[in-house]
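Chemist: Pasting a predicted model and its sequence here:
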Amino acid sequence: MKPIYSFLLSVVLSFILQVNAFAQRTTVSGTVRDAVTKETLPNVSVFFKDTQIGTQTDVNGKYTLISPNPQSGLSFNYVGYRTVFKNTVPAATQELDVALVPDSRALDEVVIVGGKKIKYRNKDNPAVELIRQVIAHKEENRIKSYNTVSFRQYEKMLFSLSNVSDKFKNKKMFRNYQFLFQEQDSTLIGGKNLLPIYIQEKLADNYLSKNPEKNKTIIIGEKQVQFDSRYIDNKGMKTYFDRMYQDIDIYKNNISVISNEFLSPIADGAPSFYKFFITDTIKTQKPEVIELSFTPRNTNDMLFEGKIYVTNDKHYAVTGASFGVNKNINLNFVRALKIDLNFEANDKGKYSLSKSNLLADFGIGKTKGIGFTGERSVTFKNYQFDTALPDTIFQGKSTVVLADAAKKDDKFWEKNRLDTISTNQLKIYGNIDTLQNLPSFKRTMKIVTLLFAGYQNLGPYEIGPVNTFYSFNNVEGLRLRVGGRTTPELSKRYYFENYVAYGIKDEKWKFFLSATYSLNNKSIYEFPQNYVRASFQRDTKIPGQELQFVQEDNFLLSFKRGVNDMLLYNDFYRLDYVKEFENHFSYNLGFKKWSQTPAGGLSYLNSNNQMVNRLTTSEVSVQLRYAPNEKFYQGKIYRVPIADRYPVFNLRYTAGLKGVFGGEYNYHNLMGSIDKRFYLSQLGYSDVTLEGGYIAGKVPFPLLDIHRANQTYAYQLNSYNLMNFLEFVSDHYVSINIDQNFNGFFFNKVPLLKKLKLREVVSFKALYGGLRNENNPNFQTGLYQLPVYENGAQRTYALGNQPYMEGSVGVGNIFKLLRVDLVKRFNYLNNPEVSEWGIRARVKFDF
C-alpha cells in the first residue's frame, strides 16, 4: 500500500502547488490609446515593473501580459509619448486601459545646426545598413521558408459611409433610417457618425508546402450582407472588395492595395525609393527591437510611409509595422490609409504574422463631405510548422469552399471567431435586411439602377438599357429604340429578351428576340453560365466597329469623324450553347445563319460589275476561353473585369457551310488571342494583347477579317483609333497592342506638374497581315470588288509589306476621371480620308 499512498500524496502535493502557483499569477489586459486623439496605439512596450516580462500592443492597441508571480505595477513606453507607470493588483486577473500623453519635451532633443543642410544619403547611413540586412534576411523570415505550414485565418471586412454630419443624418429622407447610424470616434476618418452598409466574415484553414510548392485554402465558414440581386451582384461586389483589400505581405517586393502596386519598405530596391531613419531602440525586449521609420524620397509616388520594427539580432526579422501613405501621393479619392501588422514569436524562434489591419477612407473631397470607409482585419492562429501534411490535402482546386460554409449559424461564429466583434457590427446584418424591406428604399434602388445600369425593373420584366433608346447615323437618321428582358422573378429557367427600333430616315423597322433556357437552374447572368439560346436579330451594323462594354447604338457614339455612311442590314439566326466551369474555362458551340445587305455608301459589286443585294452564309463555330483566377463584376449587360496579373486565352474556330440553309461559301476561320497585364512596380503597369487569325478558303471581302476601326472621338483600347471603318481587310494577320500606364512616375518629378497628380500613358499598336491572291479581287475573278468612295477613290485595302502602326501619348487622371491621348498614325497616310494626328478622350474611373 505504501506506493499507493506515496503516489496519492505526490498528486495532492502537486495539486496544492499548482493551485498555489495559479493563485500567485498576475494577468493584466487592456487597450492603449492616444490621450488626445483617442486612436489606439500599436507596438507600445508593456512590462511588469522591474522585470523582463513584457509584450507589445497589437494593431488594435490591445495587450495581455501574464506573470507566474505577484506583480504590483506596469510600465508603458512608446516613442513620442510620456512613459506611464500604473499600479496593478498582485496575484489577480484584471483589465487596465491606458491613455498615453504626447511628450512635448521631445522637442528639446532636436538640435538645430546652422549652415549648409546635411543631404540625406545611403552611404555610411546606419539606417540603410540595417534595412539592407533586413532585405538580405527576407527569405529566412518569410512564411515560405518552412517546409510546410498550416494555420487558421479569420477575416472581417466592414464598409460604411463615413464623415456623416448630424445635419445629413437628420434630413427628412433618413427619418425612417435612424437605426442604421452609429457613432464613431476615429480621428483618422473624421466626422461623428457612420452609416454601416456592409459586413463580411470568413474562416479558413490554410496549408502550404515548400517542395513541391503547393497551397490550399479550405473555407470553413463565410458570411456576408446579402443585397437584393435585382440591383447588386453580391458575388461581384465581394470579389471587388477582396481585390482592393488583399493580404498584406511585407516580405513581397510589391504590395497590392486598392488595386495599385506599392513598393514594400523592405523590397530589394527599397533604399533607392525610401529614406530610412533609426528612431528608437527597445532594449527591454529580448531580442532588442529597433524602430525604423521610413518616408518616400518622392511623396507623390506609390510608396508608403511609417514605421517597422526589426529584431536587433542575426535574423533581422520584422516584429511589427504601422504605415500609411503621404498626403501628396498620386492616389485618387483616398483620404486616409493605415496598415498595421503584428508578428508574434513562434516555437521555431522566428516571427509569424498574427494580425493585420487595413483601413482606407475614400471621398471626393480631401476632408469635407461624406466618405466611404473600408476596413479589413485578419487574425492568424494555430500555426504548425514543418509537420507532415498528407498529399490528399492539396488535391483538387487550390481554394475549396465547404458545402455548408454559408449556412453556419450564430453559435458557430460565436465559438470560432478568432477576434472580437462588437454588438454594433453584428447589428449590420439585421439592419441591412430591415432596410431592404422598406418601400422607400426599394424605390430609391430602382431609381439608382435606372440611372447607372440603364434598366427599370418592373418585377418579372425590366425595360432598358435606356441609353440606347435614342441615337442617330447617316443612313437611319434619327433612330428610336425600346426593349427589355425578363428577370428570374418570371422564371429561373426561361429567359426572354427583345427590342424594337425604327429609323426615321430609312423608314425601316429593326428588332431582336431571344429565348434562353438555363440548364443549371441559375440566372443566365450568374457565373458559371450553362444555357442554350435561340435568337433572331434584324438590325444594322457598321462593318469594322467592335465595341467593349458599350451598346452600338449608344447615343454618345453617334458622333463620328470623317465619312461615315456605310452600314449593313443584317438578319441573324443563331443557336448557341454556353458552358462555363468553376476554373474559368468555358466553351461556346454555335450555329449562325447571316444574311447581310449593304446600305448607304457601301455596295457589293461582283467581278462583272453587277450589284449584289444580299450575301448569305451559314456557320458553325467553337469558341474556347480560359481565364485562370479571373475576377469580374456582373453588370446588367456586361461582365466588367477586375484587372489582375493573370492572362486570358481565347481560341475560336468557324466553318462556313455552303448549301446549308442558303449558305454560299465554304471556309475555315481560326482566331486566337492572349491578353495579360504586367505590373512594373513603380513604373505602373502594361496591358498587352497578342492576336492572330487565318482564313482558309475563297471568300469575298465581307467575310474576311475586317480590322477593328474607330471613327468616334472616344479612345478605344482594342481598336485602331485612326483607322477608318472597313479600311483594311485580311485573310491572315497578327497584331500587338501595348497600353502602358506609368501612374505619374515621371510627372511626379516635375515640381509644378506633380501638384496636378496627372498620369502618363503611352500606347502602341501594330497590325501585320495581307490577302492571298485567291482572296484578292485584283488577282482573282468571282470575288466582290473592294469598296470605293463616291468619287471613285479606293476605300478598302489589303495590308502591304509593312504593318499598319499607330501610337499615342496621353495624359490621364485629368479631374481624376479623364484620359486624353494625342494619337499618331505612322503609315498608309496616302489612303484617302485619313488623318495623321487625332485627339481622343476616354473616361476612366481609377484609384
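Modeler: Happy to help now that I have it.

Chemist: got any ranges where this protein has weak pLDDT?
Modeler: Scanning the chain with the threshold set as pLDDT under 70 gives 1-24, 59, 104-117, 184-192, 367, 544-562, 636-638.

Chemist: So which residue is smack in the middle of it?
Modeler: residue 243 (4.0 Å; Cα atoms, centre = their mean).

Chemist: I'd say that residue and residue 631 touch.
Modeler: Yes. With contacts counted by Cβ atoms under 8 Å, residue 243 reaches residue 631, the gap being 5.8 Å. Placement of C-beta: from N, CA and C, glycine included.

Chemist: What residues sit buried inside stretch 683-701?
Modeler: 684-687, 689, 691-695, 697-701 (16 or more other Cβ atoms under 10 Å).

Chemist: Could you do stretch 706-721 as well?
Modeler: 706-716, 718-721.

Chemist: in the stretch 301-450 of the chain, which spans are strands?
Modeler: Under the criterion DSSP state E, counting those that start in this stretch, strands of the stretch 301-450 of the chain are mapped to 305-311, 318-324, 334-345, 351-363, 371-385, 399-401.

Chemist: Neighbouring strands of the longest one in the sheet, and parallel or not?
Modeler: To tie it back to what came earlier, the one meant is strand 371-385. Strand 371-385 sits in its sheet next to strand 148-164 (antiparallel), strand 351-363 (antiparallel), going by DSSP bridges.

Chemist: Quick one: closest of those to residue 573.
Modeler: With Cβ to Cβ as the measure, strand 148-164 is the member of these nearest residue 573 (46.4 Å).

Chemist: Run the angle between the closest one and strand 334-345 for me.
Modeler: Here strand 148-164 points in a direction 150 degrees away from that of strand 334-345 (axes from the mean of the first three to the mean of the last three Cα atoms, to 10 degrees).

Chemist: one step back: hey, what's in contact with both of residue 243 and residue 631?
Modeler: Common neighbours of residue 243 and residue 631, counting by Cβ atoms under 8 Å, 6 or more residues apart in numbering, are 642, 644.

Chemist: The strands paired with strand 371-385 into a markdown table, with extra columns for mean neighbour count and distance to residue 293?
Modeler: Compiled in a markdown table, the strands paired with strand 371-385 are given as follows (neighbours: other Cβ atoms under 10 Å; distance: least, Cβ to Cβ, whole Å):
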| stretch | mean neighbour count | distance to residue 293 |
| --- | --- | --- |
| strand 148-164 | 20 | 28 |
| strand 351-363 | 22 | 19 |
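
Chemist: Looking at those, spot the one closest to residue 602.
Modeler: Across the strands paired with strand 371-385, closest to residue 602 is strand 351-363 (Cβ to Cβ), at 48.4 Å.

Chemist: For that closest one, list the C-alpha coordinates in CSV.
Modeler: Extracted as CSV, the C-alpha positions of strand 351-363 are listed here (Å, rounded to 0.1, in the frame of the first residue of the first chain):
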residue,chain,number,x,y,z
TYR,A,351,8.2,35.6,-36.1
SER,A,352,4.8,34.8,-37.7
LEU,A,353,2.1,37.3,-38.7
SER,A,354,-0.6,37.2,-36.0
LYS,A,355,-2.8,40.1,-37.1
SER,A,356,-3.1,42.6,-40.0
ASN,A,357,-5.4,45.5,-40.3
LEU,A,358,-6.1,47.7,-43.4
LEU,A,359,-8.2,50.8,-43.2
ALA,A,360,-8.9,53.1,-46.1
ASP,A,361,-11.2,56.1,-46.2
PHE,A,362,-12.4,57.4,-49.5
GLY,A,363,-14.0,60.7,-50.6
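
Chemist: Beta-bridge partners for residue 222, please?
Modeler: Listed by DSSP bridges, the beta-bridge partners for residue 222 are residue 202.

Chemist: List the buried residues for stretch 800-820?
Modeler: Of all the residues in stretch 800-820, those buried under the rule 16+ other Cβ under 10 Å are 803-808, 810-813, 819.

Chemist: again but with stretch 818-837, I slipped
Modeler: Buried-residue list, stretch 818-837, by 16+ other Cβ under 10 Å: 819, 821, 823, 825-826, 828, 831.

Chemist: which of the residues you listed lies closest to residue 29?
Modeler: Nearest to residue 29 among these is residue 819, at 52.2 Å by Cβ to Cβ.

Chemist: Run through the residues that contact residue 685.
Modeler: Residue 685 makes contact with 261, 677-679, 740-741, 743, according to Cβ under 8 Å, 6+ apart.

Chemist: Backbone dihedrals for it, both of them.
Modeler: phi -150, psi 160 (degrees, to the nearest 10).

Chemist: Which residue lies closest in space to it, excluding its sequence neighbours?
Modeler: Distance criterion Cβ to Cβ, 6 or more residues apart in numbering; nearest residue to residue 685, sequence neighbours excluded, is residue 679 at 4.9 Å.

Chemist: got the contact list for that neighbour?
Modeler: Residues in contact with residue 679 (Cβ under 8 Å, 6+ apart) are 254, 261, 645, 685.

Chemist: and the last one, how far is that from residue 302?
Modeler: Same thing as residue 685. Residue 685 sits 11 Å away from residue 302, going by Cβ to Cβ, to the nearest Å.

Chemist: So for the two, which residues contact both of them?
Modeler: 261, 743.

Chemist: rewinding a little: dump the strands paired with strand 371-385 to TSV, plus distance to residue 641.
Modeler: Shown next, in TSV, are the strands paired with strand 371-385 (distance: least, Cβ to Cβ, whole Å):
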stretch	distance to residue 641
strand 148-164	22
strand 351-363	21
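
Chemist: Quick one: closest of the ones you listed to residue 329.
Modeler: strand 351-363 (12.3 Å).

Chemist: so what's residue 742 up against?
Modeler: 683-684, 759-762.

Chemist: Helices - which of those residues land there?
Modeler: Judged by DSSP state H, helices contain none of those.

Chemist: from these, which ones fall inside strands?
Modeler: If you go by DSSP state E, the contacts of residue 742 have 759-762 in strands.

Chemist: Show the buried residues in those residues.
Modeler: Of the ones in strands among the contacts of residue 742, these count as buried by 16+ other Cβ under 10 Å: 759-761.

Chemist: Mind putting the strands of the stretch 301-450 of the chain into JSON lines with distance to residue 414?
Modeler: Output for the strands of the stretch 301-450 of the chain, formatted as JSON lines (distance: least, Cβ to Cβ, whole Å):
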{"stretch": "strand 305-311", "distance to residue 414": "33"}
{"stretch": "strand 318-324", "distance to residue 414": "29"}
{"stretch": "strand 334-345", "distance to residue 414": "24"}
{"stretch": "strand 351-363", "distance to residue 414": "20"}
{"stretch": "strand 371-385", "distance to residue 414": "15"}
{"stretch": "strand 399-401", "distance to residue 414": "21"}
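
Chemist: out of those strands, which comes closest to residue 673?
Modeler: Among the strands of the stretch 301-450 of the chain, strand 399-401 comes nearest to residue 673, with 27.1 Å by Cβ to Cβ.

Chemist: Check which strands are paired with the closest one and give the direction for each one.
Modeler: Paired strands of strand 399-401, defined by DSSP bridges, are strand 214-224 (parallel).

Chemist: Can you list the buried residues in the strand it pairs with?
Modeler: 214, 216-217, 219-224.

Chemist: just stretch 512-525 next, same as before
Modeler: 512, 514, 516, 518, 522-525.

Chemist: For it, what is the distance to the chain centroid?
Modeler: From the chain centre to the centre of stretch 512-525 is a distance of 28 Å (Cα atoms, centre = their mean, to the nearest Å).
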